[in-house]
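Undergrad: how would this look folded up:
(chains A, B, C and D)
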There are 4 protein chains.
Amino acid sequence: MKLLSMVTLALRDMWTLAFFREVLLEFLGTTLFLFTSLSSIVLWPRLSPLSDSMGPAPSSRSETLQLSHECRSDAIRVSLAFGTSLTLTLVCLGPLHLNPAVTMAMIAGLRVSPWRAVLHVGSQLLGAMCACALLMSVSPQRENLGRNEITSGVFPYQAFTVELLVTFQLVLCILTVSHPKSAVSSFSPALAGLSVTLGHLVAIGFTGCGMNPARSFGPAVLTVNFQNHWVFWAGPCAGAVLAWLLHDLVLLPRWSCPADWL
Amino acid sequence: MKLLSMVTLALRDMWTLAFFREVLLEFLGTTLFLFTSLSSIVLWPRLSPLSDSMGPAPSSRSETLQLSHECRSDAIRVSLAFGTSLTLTLVCLGPLHLNPAVTMAMIAGLRVSPWRAVLHVGSQLLGAMCACALLMSVSPQRENLGRNEITSGVFPYQAFTVELLVTFQLVLCILTVSHPKSAVSSFSPALAGLSVTLGHLVAIGFTGCGMNPARSFGPAVLTVNFQNHWVFWAGPCAGAVLAWLLHDLVLLPRWSCPADWL
Amino acid sequence: MKLLSMVTLALRDMWTLAFFREVLLEFLGTTLFLFTSLSSIVLWPRLSPLSDSMGPAPSSRSETLQLSHECRSDAIRVSLAFGTSLTLTLVCLGPLHLNPAVTMAMIAGLRVSPWRAVLHVGSQLLGAMCACALLMSVSPQRENLGRNEITSGVFPYQAFTVELLVTFQLVLCILTVSHPKSAVSSFSPALAGLSVTLGHLVAIGFTGCGMNPARSFGPAVLTVNFQNHWVFWAGPCAGAVLAWLLHDLVLLPRWSCPADWL
Amino acid sequence: MKLLSMVTLALRDMWTLAFFREVLLEFLGTTLFLFTSLSSIVLWPRLSPLSDSMGPAPSSRSETLQLSHECRSDAIRVSLAFGTSLTLTLVCLGPLHLNPAVTMAMIAGLRVSPWRAVLHVGSQLLGAMCACALLMSVSPQRENLGRNEITSGVFPYQAFTVELLVTFQLVLCILTVSHPKSAVSSFSPALAGLSVTLGHLVAIGFTGCGMNPARSFGPAVLTVNFQNHWVFWAGPCAGAVLAWLLHDLVLLPRWSCPADWL
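TA: Numbers count the residues shown, from 1 in each chain, chains lettered A, B, ... in the order given. Okay, the predicted model is just below:
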């Protein structure tokens, strides 16, 4: 009974036009961000199926080298696409999370209420699936959709640590620049984009760079392939919590001003 | 009779030195922007004619891979050249459209009168042809001039969707940053350039990345090759209209202040 | 007699500590800028001498392709190095010309007196030679020092036009951002660097990208090789004059305020 | 006796919470900066061990070319990762040195007391070792950890000069932007990052680009390989001292205001 009235209260609190607009923008923003970013991976006509079927002995080794090299050149292109796309989405649609790990750090810091966070994360996941469905309809190949995979030779615990690291720096950057008294708050979209680019430069050869459970969830659902999928939820969430601890306990200790917590 | 007086009125409205200057700058700006950007594609000595005439069996396959790789490295260079070139043109010559799709979104939002828009688009197309003619005179090869083509294996409807997508984000970005009350209006040239770079990173392997009917029109006229040319007009224009709808109905709803419409 | 007194007057006008500091900084700045930029071309251990001496028939063709490809990847690296280096030099040492073509546009616009300009250009050329001499002492190969050369298959008049084009956009950018009332004057080092990067992205495969007679002069003197050297003086100077005409006659017409001319 | 009281005085001066926080942040910042940057080198699965063991005569030469090429593509990725990582660390954790060479220039200019500098450098070295230990635990290969090595064919004195050069421009940039009256002080993290990127673009093919004794020290300790290690301490420190001389004697002569020295 008490729970019911609590839920009612929470719902009434959220049942406003402003919150609907926020959730709608979160949905639209995630769709736009992930459609643009993932299409930089997916829409490129691939050579790999060809190289599997063809190629006799002498040239096959050279091909392997070249294809892995190709993946390296792609790394810079994909990193720039993700970073730029996030920057432009934040500029056009205003300050959004677009990432369940960021929302999680916001809950931990009591910057957003858990009830609202559920809807935020829900619309992010829906947006990611929507982006991947759109992508599937226009892509000449339908097999991978930019799914995050752990590169062979890498242990899951190592992939977990790398995901933790890159999300740590992303969430730390977002907490810093989104602080209203920050000196760089007018550059927050650019710095968030830079941080996503850095994460991809570091981790793309390792796990394809998740950093964002929604970005990993969309392609996994659409291709119905959840192998090692836990890594792309546990790593980013652990990184987000660590970044929140560092930011709120060491960098800008909030215990000194209890008003911030309420 | 009434039509004639309307035309006269419209013409008298436009028959000012300021408007002539605007149209002249639109022409000069498009010429400068497209000459610089397209020359980053065209002026580079190509290897493809050589690889067609030469190359026996064992190395031919390796060449194919390498040339497509080369096109990939080029992708970053060309993307950066287009974005930088747009940024610098906007910085030097002031806020211009340089793109019929942008002009179209401006008409839809009643930001520019249709009569003026016709002259804007006309000078853009003239500028594009002028840039391509200049380019033809200095380029060691005269066959392609950076014409937008749909990569083999891609259906026209997919190319249309990709063009729609990239133009959507470009026009959304331009509408956002060109709003006089925007917080980022002082960075508008940089953000417009970033948006063009993002579009090229995403779409260059797919259609050569149009995003701009004038940019597609110039090389098509000079090489007299209009194959699939409708895609590079319909896609960008549809994207521009969608971006205008999102911006004016959801992001900054203008129905609340009717004065804006008049 | 009259000439002598004029020279005396001009010398007395320049015989100040402030002007000596300016010329010294121009010298130091050109040395720093060109040492850093050219070393990104020169200091890289090359493979070309090896590939000349080795390599039997089947792989030689593949090598040619690969080496030209390597030159392409280098293009982005060298472009970024030149642009970044110019930006940082301007940030650290203040607003300098560092480029005889820029000084020429300043003379044409009566922004600097011809007497002073001679010393500016002299210190730029001296700085360029100094940078190349330093470079020669640390480089493992001493044959090219990043000398500008016209790529085979390109006619000199085409190289001239390309040099004219890229210098035109550079000088136009510098005249725009260095105007004291410019809205972007606080970003002038970044925009000048961007413009140099754009020029290299466009022209590096064509002429090695001069844009700056001092940058072409230094390596040419140190390697005593002046083949087609006129292109790298005539092209940039013609581009500078055209950019000055466009800026001072069309963009910010200065005839309206004669005080600016005196 | 006098020395003891001096040490006591110095210690009491430093025995404050603010200074502990500073040293802790220096440690955390160096760990974060070097973990992120070095992992962009280390975490990438390598091909070199394979190419040593395999590959018969005809393709082995082509492999050599390709691997060196790969190292070139990597150059841009690693350069961007180092620069971006430094920028974001400075944005998130505030103005830190993160580099013994920078601390040295600060001592020379009497901007920081020698007693404090010792603890700064100590925490930087500790942070670097900590970053390398973390890196070792997650990396699939444990042999190099991104250690700085002099490329074969390069003499140590040349490597010393290159390290001196790149650190010179880095420290000059940091002294300029960290001056409180600097016009660009709000962009200091971005400019410091740009300077690190420039250094890597120039020197990465030569020495792996040290620029930072802590960055060279960490991998050298963890792999217990100190070959030519002096170059990565002597070069950066000489460059820092030269940059300090240029800045404090020529650019912003501090003898004119003696109060600055005390």
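
Undergrad: Start and end of stretch A:245-252, how far apart?
TA: End-to-end distance for stretch A:245-252, by C-alpha to C-alpha, to the nearest Å: 10 Å.

Undergrad: List the buried residues of that stretch.
TA: A:246-248, A:251-252 (16 or more other C-beta atoms under 10 Å in any protein chain shown). Placement of C-beta: from N, CA and C, glycine included.

Undergrad: Which residue, other than its chain neighbours, is closest to residue A:10?
TA: Nearest residue to residue A:10, sequence neighbours excluded (C-beta to C-beta, 6 or more residues apart in numbering or on different chains): residue A:115, at 4.2 Å.

Undergrad: ok, that neighbour touching residue A:14?
TA: Yes: checked against C-beta atoms under 8 Å, the pair residue A:115 and residue A:14 is within contact range at 6.3 Å.

Undergrad: Please identify the residue of the stretch 101-250 of chain A positioned nearest to chain B.
TA: residue A:138 (4.5 Å; C-beta to the nearest C-beta).

Undergrad: tally of neighbours for that residue?
TA: For residue A:138, the neighbour count with other C-beta atoms under 10 Å in any protein chain shown is 21.

Undergrad: can you pull the contacts of it?
TA: Each residue near residue A:138 by C-beta atoms under 8 Å, 6 or more residues apart in numbering or on different chains is listed here: A:39, A:43, B:157-158, B:161-162.

Undergrad: residues in contact with residue A:40?
TA: Here residue A:40 is in contact with A:77-78, A:81-82, A:85, B:201-202 (C-beta under 8 Å, 6+ apart).

Undergrad: and the residues you listed, which two are the farthest apart?
TA: A:77 and A:85 (12.1 Å; C-beta to C-beta).

Undergrad: okay, now residue A:83: neighbour count?
TA: Residue A:83, neighbours per other C-beta under 10 Å, totals 25.

Undergrad: List the contacts of it.
TA: Residues in contact with residue A:83 (C-beta under 8 Å, 6+ apart) are A:193-197, A:200.

Undergrad: ok, 10 Å please
TA: Taking C-beta atoms under 10 Å, 6 or more residues apart in numbering or on different chains, we find residue A:83 in contact with A:37, A:190, A:192-201, B:194, B:198, D:84.

Undergrad: Nearest to residue D:111, out of those: which one, please.
TA: Using C-beta to C-beta, the contacts of residue A:83 come closest to residue D:111 at residue D:84, 26.5 Å.

Undergrad: Do I have it right that that closest one meets residue D:200?
TA: No: between residue D:84 and residue D:200 there is no contact under C-beta atoms under 10 Å: 11.3 Å.

Undergrad: Between these two, which contacts overlap?
TA: With C-beta under 10 Å, 6+ apart, residue D:84 and residue D:200 have common neighbours residue D:37.

Undergrad: Which of those two has more residues huddled nearby?
TA: Higher neighbour count among residue D:84 and residue D:200: residue D:84, with 29 against 25, using other C-beta under 10 Å.

Undergrad: Please tell me how far that one sits from residue A:79.
TA: 10 Å (C-beta to C-beta, to the nearest Å).

Undergrad: Mutual contacts of those two, please.
TA: Common contacts of residue D:84 and residue A:79, defined by C-beta under 10 Å, 6+ apart, comprise A:197-199, A:201-202.

Undergrad: show me which of those neighbour chain D.
TA: Restricting the shared contacts of residue D:84 and residue A:79 to those near chain D by C-beta under 10 Å from any C-beta of the partner chain leaves A:197-199, A:201-202.

Undergrad: Which two of those have the greatest separation?
TA: Between any two of these (C-beta to C-beta), the greatest distance is 9.8 Å, for A:197 and A:202.

Undergrad: So for those two, which residue has more residues nearby?
TA: Using other C-beta under 10 Å as the criterion, residue A:197 and residue A:202 rank with residue A:202 on top: 31 against 24.

Undergrad: check contacts around that one.
TA: A:75, A:79, A:162, A:165-166, A:169, A:209, A:211, D:35-44, D:77, D:81, D:84-85.

Undergrad: Out of those residues, which end up buried?
TA: Buried residues within the contacts of residue A:202, counting neighbours by 16+ other C-beta under 10 Å: A:75, A:79, A:162, A:165-166, A:169, A:209, A:211, D:35-44, D:77, D:81, D:84-85.

Undergrad: Tell me which entries of those residues lie within strands.
TA: In strands, defined here by DSSP state E, there are no members of those.
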